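Engineer: Turn this into a structure:
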Amino acid sequence: MTDEIKAPQFPESVEEGTLMTWHSKEGDSVSRDDKIADIETDKIVLEVSSPGDGVLSKVLKQEGDTVKPGEVLAKLDAGSKSETSSDKEEKKTGRTEDKEKSGDKKESRKKADEDAGGDEDDDKSGDKDKASGGKSDEVMASPAARKLLEEHELAASDITGTGRGGRITREDVVNFVEESDKEEENGYTGSGEYEEDSEDAAKSDKPVESVAARGRREQRVPMTRIRARIAERLVEAQQTAAILTTFNDIDMKPVRDLRNRYRNEFEKEHNVKLGYMSFFVKASTEALKRFPVINASVDGGDIIYHGYYDIGIAVSTKRGLVVPILRDADQLTFAEIEKAILDYAERAQEGRLLIDELTGGTFSITNGGIFGSLLSTPILNPPQSAILGMHKIQERPVVVDGRIEISPMMYVALSYDHRIVDGRDAVLFLTAVKELMEDPARLLLQV
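Structural biologist: From the prediction side, this is the model:
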């Protein structure tokens, strides 16, 4: 019985995605609910699970292909078991030895994957390589290797494969290209002669990339869907909103002292570390209550004033910046805020955030200070009207009661949409955040 493995339903407003990774290959045995592929959309990464037990008999979509909701990605032979390379070889050569036990089969497949350098090719293609005598570029190279061969306009016959059955792996192509670049730097023409000794080299009609000849390499990589979406939204924010930024600085000594005093007890009691972000979330929600327009958004010719405080926390990942939302942040405790941020950060790195966790925020906070940024002008996250930028804490001389003291200072920036937020409200909002942070007791007393 053959089952179809289909792309899952995408979140609302997401029409298509990109097949990012296959975790299983043709011929692999899979169990029900095993993760076998990842699909990247412009917002989140979706997992594709096996609908049952069986063998992945045919892959219909390759990595990098565009897929739509419900589209068939692969075929699954339900109830079947995969064969090892040795089993297949026995059939081709007419051997009659008994098959290995299932445990030996798994070990054989594991070793085959290791020998192939982790490329996404299977035992079946390796056997085809042997049957063809290793002369076909299409058969000899793995899918990842073939792609590189095409990009560099190379022939498979020029490269010695180190994979199973002589297959050319991606690493083989990369090593060959790197070695060729080194030879070009030394004047080697690739035809057995050096440029200074060959007159034909100068007459060659074949185009030569000058950057490669000088050893300056370039790599063209298409944007991921998430990165493309980020770029689209940033440009949209710049083109549709009248963005202005106001600045202030905060003496972080009171918060730092309070944090140092209770951090051990806090971690012991709540099993999470006490960071600075929870203080800023609390201070921001209190300031938003005083200046509702900062928490508002523009919808056409209307201003929508939100009676709730959903705070977006910018999280940097390998795929790009994402902004998960703390719902009703004004009702959360310090511990609940820290736990939620930690959970979001971990799942963001693994691509496991849900679409509902990334939409609907009313205000955002971004912390460039963790990367060493001293000052920046954050860009709005549409349709929100403001975003608060935190920065690096740095000891600087300040005047306190007529005396110069050294205090841990942080510059903060508020970027806002000047279409609905006046400079007065923006400055007073940021001043309120400053006052709350410099006297954290106000956060508890709400004064």
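
Engineer: From here on, just use CA atoms for contacts and neighbour counts.
Structural biologist: Will do.

Engineer: moving C-terminal of the longest helix seen in the chain, what's the next helix or strand?
Structural biologist: In the chain, assigned by DSSP state H, the helix with the most residues is helix 253-270. Moving toward the C-terminus from helix 253-270, the next helix or strand (DSSP states H and E) is helix 277-290.

Engineer: residue ranges of the strands in the stretch 251-400 of the chain, please?
Structural biologist: Secondary structure of the stretch 251-400 of the chain (DSSP state E, counting those that start in this stretch): strands at 297-299, 302-304, 311-313, 315-317, 320-322, 325-326, 363-367, 386-390, 393-400.

Engineer: Mind listing what's buried along the first one?
Structural biologist: Read it as strand 297-299. Within strand 297-299, the residues scored as buried using 16 or more other Cα atoms under 10 Å are 297-298.

Engineer: quick one on the thing from earlier: using TSV, please lay out the strands of the stretch 251-400 of the chain together with distance to residue 345 and mean pLDDT.
Structural biologist: Formatted as TSV, these follow (distance: least, Cα to Cα, whole Å; pLDDT from 0 to 100):
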stretch	distance to residue 345	mean pLDDT
strand 297-299	26	90
strand 302-304	29	93
strand 311-313	9	96
strand 315-317	6	87
strand 320-322	10	83
strand 325-326	11	96
strand 363-367	13	96
strand 386-390	17	97
strand 393-400	21	93
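
Engineer: Taking the centroid of this structure, which residue is nearest it?
Structural biologist: For the chain, residue 319 is the residue whose C-alpha lies nearest the centre (Cα atoms, centre = their mean; 2.0 Å).

Engineer: and of the strands of the stretch 251-400 of the chain, who's closest to residue 412?
Structural biologist: strand 386-390 (5.1 Å; Cα to Cα).

Engineer: Would you mind getting the angle between the closest one and strand 363-367?
Structural biologist: Strand 386-390 and strand 363-367 are oriented at 20 degrees to each other (axes from the mean of the first three to the mean of the last three Cα atoms, to 10 degrees).

Engineer: I'd like the strands of the stretch 251-400 of the chain laid out as a markdown table, including distance to residue 49.
Structural biologist: What follows is the strands of the stretch 251-400 of the chain, written out as a markdown table (distance: least, Cα to Cα, whole Å):
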| stretch | distance to residue 49 |
| --- | --- |
| strand 297-299 | 38 |
| strand 302-304 | 40 |
| strand 311-313 | 30 |
| strand 315-317 | 24 |
| strand 320-322 | 24 |
| strand 325-326 | 27 |
| strand 363-367 | 34 |
| strand 386-390 | 38 |
| strand 393-400 | 45 |
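
Engineer: And the ones you listed: which comes nearest residue 258?
Structural biologist: Here strand 393-400 is closest among those (Cα to Cα), at 15.7 Å.

Engineer: ok, and what's touching that closest one?
Structural biologist: Residues outside strand 393-400 that contact it (Cα atoms under 8 Å, 6 or more residues apart in numbering) are 252, 369, 374, 404-411.

Engineer: one more time with 10 Å, if that's ok
Structural biologist: 250-253, 369-370, 372-374, 403-411 (Cα atoms under 10 Å, 6 or more residues apart in numbering).
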